[in-house]
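>>> Just to be clear, the model below is a prediction. Sequence and coordinates:
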Amino acid sequence: MTTKQNILVTGGLGFIGSHTVLCLNEAGYTPIIVDNLHNSRIEVLDALEDLLGYRPIYIQGDVNDVQLMSGLFNEYNPSAVIHFAAHKAVGESVEKPLMYYQNNVVGLISLLEVMKGMGCSKMVFSSSCTVYGEPEAVPVKESTPTRPAASPYGATKQMAEVILKDNSWCEVQCLRYFNPVGAHPSAKIGELPLGVPNNLIPYLTQTVAGIREKLTVYGGDYPTSDGTCIRDYIHVMDLAEAHVAAIDRLFNPNRIIASQEGDPSSENFEVFNIGTGVGYSVLEVIAAFESATDEKVNYAIGDRRAGDVVAVWADTNKVNNVLGWSAKRDLSTMMKDAWHWQQKC
Ligand code: WQD
């Protein structure tokens, strides 16, 4: 009987964290959730209980609370940490940079200090394709040079990667997400609509649901096939499954560290692009939503949004061949699951 290893999930009641909790359980791990509810609701825990058949262990708290975190490590002795807890709104980070540096960078350092003190040396880290800025070429590989961040949010992710790489005692799987969308097929968990959405898909589904009057497409004059920006949208369930693959890899002592010229990966720090490898424009996403749901999206082309990159999508060769993971769900499924979730909200 293999003992079920405890995996600490910071931000485990959040959008990606909650979906990852389900996949960890499915893979035979015991998720231990810590979340300060800054960007989530306690009702997510009820939904997880519904889906899991048991109420997962949850502690309300902040990664900056060293005393609480030390107590938590003492009690549950996690074998690894998946660190989601961070602020993630690009626009908000421009208005409140110190809040972002405090939470995303100081919070990471606090967590690492507790991990070191408690002898936990494995982490899966939530990074972002934002670190590439406006890439010199697409699709982006892990070796594509990072560019100066276009926002404090992006800067916190770049700083976090440097901090993790320099902490050679900690083995890190650094996952650079592209654009997470969709929801669990049960529609019991999904992207919580707290306030006016910054991101495309929640704004789109709220428009179709009549909560928002019209979706504004930010810019129709970009140098792309239809003038709108291109992104690599990935189903949140695929993204959650990638985290389990990364946890499994951390426990594989025979893993061979793959790296190529320019790839920042090293013995203790592996970077993977977590995308589908396919880019879609905003107008293509709107068309895919309409055909997947038979609903009409009320939208208009408006001004460009400051800070948007024209096009970014992933080269997934490394994650496919080294991590042994690939995205399985297509854009139509992403749109159907996003709409199903919106209808339940
Ligand atoms: C996607 C496209 C917009 C809203 C951000 C973060 C990134 C990651 C995902 C955390 C762009 C267009 C959007 C709208 C629109 N988050 N858009 N009308 O900016 O690619 O990435 O979220 O890791 O780090 O930067 O996502 O969904 O905001 O925008 O036309 O009302 O949709 O211009 O082209 P983005 P997004």
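Yep, it's here.
>>> Alongside the ligand, which residues does the stretch 1-150 of the chain contribute?
K88, V90, S128, T130 (Cβ under 6 Å from any ligand atom). Any C-beta I mention is one placed from the backbone N, CA and C, and that applies to glycine too.
>>> pLDDT score assigned to the last one?
This points to T130. In this model, T130 is scored at 93, pLDDT.
>>> out of everything not next to it in sequence, what's closest to it?
Leaving out its chain neighbours, the residue that sits closest to T130 by Cβ to Cβ, 6 or more residues apart in numbering is G154, at 4.0 Å.
>>> Could you list which residues are in contact with that neighbour?
With contact taken as Cβ atoms under 8 Å, 6 or more residues apart in numbering, G154 is in contact with V90, S93, S128, T130, V131, G133.
>>> Quote the end-to-end distance of stretch 180-191.
One end of stretch 180-191 to the other measures 9 Å (Cα to Cα, to the nearest Å).
>>> what pLDDT, on average, does it get?
97.
>>> i'd like the first residue to be 41 from this point on
That works, and once the first residue is 41, the last one we named lands at stretch 220-231.
>>> from the chain's centre, how far out does it sit?
The chain centroid and the centroid of stretch 220-231 are separated by 13 Å under Cα atoms, centre = their mean, to the nearest Å.
>>> What's the PyMOL syntax to select whichever of the contacts of G194 are buried?
Here is the PyMOL command that selects the buried residues among the contacts of G194 (16 or more other Cβ atoms under 10 Å):
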select buried, resi 130+133+168+170+171+173
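>>> Restricted to strands, list the contacts of G194.
In strands, judged by DSSP state E, the following of the contacts of G194 are found: S168.
>>> Closest to E201 out of the contacts of G194?
V171 (6.7 Å; Cβ to Cβ).
>>> Kindly indicate which of the residues of the stretch 41-190 of the chain next to the ligand lies nearest K228.
Closest approach to K228 among those (Cβ to Cβ): K128, at 22.2 Å.
>>> check contacts around the closest one.
Residues near K128 by Cβ under 8 Å, 6+ apart: N79, S168, Y193.
>>> Please name the nearest non-neighbouring residue to the second one.
Going back to what we said before, that points to S168. S168 sits nearest to K197 (Cβ to Cβ, 6+ apart), 5.0 Å away.
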